[in-house]
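Colleague: this one's sequence-less:
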Ligand SMILES: O=C(O)CCC(=O)C(=O)O
């Protein structure tokens with residue numbers, strides 16, 4: 001595929017730690033994953049707690065505490081590239097993935113994938129964190145791609161980003177000996193002051209540096225906010241801790257070539273806790 005980012009966009013990604021890309025995914029692929037997600041929501045109505053199983057034995061589908069058949073709150077599907085050809089295809093072949101190649105390529109590897117959903121009027125929130133401190137690598141060329149499966153609006157719990165925080169410190173997710181998956185209240189309050197919402201039409205994608213601080217509030221609107229999220233890394237960024245969302249596709253080269261090299265950047269951080277529950281929402285509920 002030819003490059004999709006120009007030099008200004010690449011610089012913006014480097015400076016601010018994120019970039020919104022419109023029309024990053026084909027309309028037919030979005031329609032397909034909307035239909036797939038709707039089926040999973042129907043299925044979730046038969047469950048009262050996390051269900052299904054992924055390759056490490058943890059549940060694949062996770063529901064919020066306010067989930068019920070009348071008010072479904074399916075909040076997470078783990079490793080959907082194993083379930084959906086369309087998801088796998090988006091990872092291997094989309095303008096969103098090409099943009100990652102443009103930003104940190106040419107050699108790019110798949111790390112993990114998931115859906116995060118906030119169905120209408122559900123309580124799911126994401127506390128302030130950086131992805132890198134959940135999934136450290138030998139260097140920080142790691143990018144999370146958040147595909148908008150629905151239109152994301154100011155009302156339905158958009159991603160909030162702290163521009164430029166990718167250049168700052170790696171904030172601890174450990175507090176009083178507990179891995180809470182969230183930054184301290186003090187750091188979170190500082191990021192709240194500068195938070196920028198990332199909104200756009202279904203089919204857009206937000207590229208987010210693994211180091212940028214982000215969060216999101218609950219969806220109190222009548223429209224769903226579902227994201228298909230996947231993480232890509234430079235091929236020479238080697239994982240330093242177990243994959244929190246292992247899958248049969250982890251480590252797959254999706255662009256470029258194997259170089260047989262590992263590259264390091266200097267940083268210091270605490271080793272994350274491998275999740276025991278269905279998702280990081282369980283870890284964040286401990287803070
Ligand atoms: O679903 C969200 O709003 C946030 C997603 C997120 O925090 C992540 O992908 O790391």
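Modeller: Looks like it came in fine. Since we're looking at a predicted model, the values are computed, not measured. Numbering: from 1, shown residues only.
Colleague: going forward, measure contacts and count neighbours with C-alpha atoms only.
Modeller: OK.
Colleague: Look up how far residue 215 lies from residue 160.
Modeller: To residue 215, residue 160 is 5 Å away according to C-alpha to C-alpha, to the nearest Å.
Colleague: can you check residue 154 too?
Modeller: Distance, residue 154 to residue 215, by C-alpha to C-alpha: 14 Å.
Colleague: of those two, who's got more company?
Modeller: residue 215 (22 against 14; other C-alpha atoms under 10 Å).
Colleague: Endpoints of stretch 128-139, how far apart?
Modeller: End to end - C-alpha to C-alpha - stretch 128-139 spans 22 Å.
Colleague: cool, and stretch 100-108?
Modeller: 8 Å.
Colleague: How about residues contacting that stretch?
Modeller: 3-5, 10, 13, 141, 143, 207, 232-236, 253-258 (C-alpha atoms under 8 Å, 6 or more residues apart in numbering).
Colleague: Apply 7 Å and report the result again.
Modeller: Contact with stretch 100-108 is made by 3, 5, 10, 141, 232-235, 253-257, as judged by C-alpha atoms under 7 Å, 6 or more residues apart in numbering.
Colleague: swap in stretch 272-287?
Modeller: So stretch 272-287 is contacted by 50, 58-60, 62, 133-134, 179-182, 242, 244 (C-alpha under 7 Å, 6+ apart).
Colleague: what about the one helix or strand residue 231 maps to, distance to the chain center?
Modeller: Using DSSP states H and E, residue 231 maps to strand 225-234. Its chain's C-alpha centre and that of strand 225-234 lie 4 Å apart, by C-alpha atoms, centre = their mean, to the nearest Å.
Colleague: what mean pLDDT would you report for it?
Modeller: Strand 225-234 shows a mean pLDDT of 98.
Colleague: what does stretch 57-72 give?
Modeller: pLDDT averaged over stretch 57-72 gives 94.
Colleague: same question, stretch 106-124
Modeller: Mean pLDDT, computed over stretch 106-124, is 95.
Colleague: returning to what we had before: and the strand holding residue 231, what's buried?
Modeller: Neighbour-count burial for strand 225-234 flags 225, 226, 227, 228, 229, 230, 231, 232, 233, 234 (criterion: 16 or more other C-alpha atoms under 10 Å).
Colleague: for this structure, longest helix please?
Modeller: Counting residues, the longest helix in the chain under DSSP state H turns out to be helix 27-44.
Colleague: Just the buried positions in stretch 262-276, please.
Modeller: Buried positions in stretch 262-276, judged by neighbour count with 16+ other C-alpha under 10 Å: 271, 272, 273, 274, 275.
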